[in-house]
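S.K.: Coordinates for the following, if possible.
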Amino acid sequence: MAGHSHWAQIKRKKAAQDAKKGRLFTKLYREIVIAVKTGGSGDPDLNPRLRAAIQAAKSANMPKENIERAIKKALGLEADTNYEEVFFEGYGPGGVAILISAITDNRKRTVSEIRHLFNKYGGSLAEPGAVSWIFEEKGLIVVPRKDEEKVYEIAIESGAEDTKEYESEIEIITSPSDFEKVKGALESAGIEILSAKVTMVPKTVVPVTDEGSAQTLLKLMEALEDLDDVQQIYANFDIPEKLMESLNR
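M.R.: Model (predicted):
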């Protein structure tokens, strides 16, 4: 999934830009609220999703008071907008499967915005269940491609399921239950971690080798990412590294 590796790099750079605009804080705030509501606790020690949300917020330098306000809101201690978590499924150019999680205070608005972008970039929304079966929940840890033997040894010994090697990065895949254990083992060994999260990983991928289709697909992904209501986007495309690099010039 070479395209995924490069798309992840683009997303990390974009997240840094969004943080400056305040857009990232909005998404992180909403994720904390939903994490408390779905997890049934405002205590991160008892709520894994909240713990992950707080870690993501801290990594983005979100002010502590913002984090605390989001938790209080979810617990009903602060009056504010009511959010709900919704999921959308669709197809992008070339039949690429796309799964979207969103947190919104207006479902109709969110549906309208997402449908508009799919139509604009040659895709289409699908019925629930149409593409979600393609994805499975996994822990995904990305580290720089160096000290490979050390990385592989630590990853395997601590319970990783698989590793994937790219030009400048190594992806380590774990079960959700072993994610923290593998991440902790890498950190204890002094391995730099570029990103680490429990996410949805595709079981199969769709090769996208046409430049026009690849460009349109990436525009769709970026446009969806720009929507305030959209939290996460998962897709099963595979764009060759050379093509991906040429599109980013």
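S.K.: pLDDT below threshold where in the protein?
M.R.: Along the chain, the parts satisfying pLDDT under 70 run over 1-22, 77-81, 248-249.
S.K.: Do a quick rundown of the helices in it.
M.R.: 2-21, 23-39, 48-59, 64-74, 107-120, 148-157, 179-188, 211-226, 241-247 (DSSP state H).
S.K.: what's the closest of the ones you listed to residue 194?
M.R.: Nearest to residue 194 among the helices of the chain is helix 2-21; the distance by C-beta to C-beta comes to 7.2 Å. Yep, even glycine has a C-beta here, placed from its N, CA and C like the rest.
S.K.: Test my guess that residue 209 contacts residue 242.
M.R.: No - Residue 209 is beyond contact range of residue 242, at 10.3 Å (criterion: C-beta atoms under 8 Å).
S.K.: The closest residue to residue 215 other than its chain neighbours: how many residues sit nearby?
M.R.: Distance criterion C-beta to C-beta, 6 or more residues apart in numbering; nearest residue to residue 215, sequence neighbours excluded, is residue 247 at 5.8 Å. Residue 247: 17 surrounding residues under other C-beta atoms under 10 Å.
S.K.: before we move on, what about residue 85?
M.R.: 16.
S.K.: Who's the closest spatial neighbour of it, skipping the chain neighbours?
M.R.: Using C-beta to C-beta, 6+ apart, the nearest residue to residue 85 is residue 34, at 5.0 Å.
S.K.: residues contacting the residue nearest to residue 215?
M.R.: Counting by C-beta atoms under 8 Å, 6 or more residues apart in numbering, residue 247 touches 211, 214-215, 218, 239.
S.K.: which of those residues lies closest to residue 137?
M.R.: residue 239 (23.6 Å).
S.K.: right, and that closest one touches residue 215 too?
M.R.: No - using C-beta under 8 Å, residue 239 is not in contact with residue 215; the gap is 9.8 Å.
S.K.: More neighbours: which of those two?
M.R.: A direct count of neighbours by other C-beta under 10 Å for residue 239 and residue 215 places residue 239 higher, at 30 against 17.
S.K.: ok, the more buried one to residue 141 distance?
M.R.: 22 Å (C-beta to C-beta, to the nearest Å).
S.K.: likewise residue 230?
M.R.: Taking C-beta to C-beta, one finds residue 230 at 23 Å from residue 141.
S.K.: what's the most distant pair in the contacts of residue 247?
M.R.: 211 and 218 (10.8 Å).
S.K.: okay, the two: which has more neighbours?
M.R.: residue 218 (23 against 12).
S.K.: Okay, now the sheet partners of the top strand by length along the chain, with direction.
M.R.: Using DSSP state E to define each element, the chain has its longest strand at strand 135-144. For strand 135-144, the paired strands and their directions (DSSP bridges) read strand 169-174 (antiparallel), strand 195-202 (antiparallel).
S.K.: So what's the residue count around the closest residue to residue 173 other than its chain neighbours?
M.R.: Once flanking residues are discounted, residue 173 sits nearest to residue 162: 4.4 Å by C-beta to C-beta, 6+ apart. Counted with other C-beta under 10 Å, the neighbours of residue 162 add up to 12.
S.K.: any idea how far residue 162 is from residue 195?
M.R.: Residue 162 is 17 Å from residue 195, by C-beta to C-beta.
S.K.: if I pick the spatially closest residue to residue 172 that is not a sequence neighbour, what's in contact with it?
M.R.: Of all residues not flanking residue 172 in the chain, residue 141 sits nearest, at 4.3 Å (C-beta to C-beta, 6+ apart). For residue 141, the contacting residues are 155, 171-172, 174, 179, 182-183, 186, 193, 195-196, by C-beta under 8 Å, 6+ apart.
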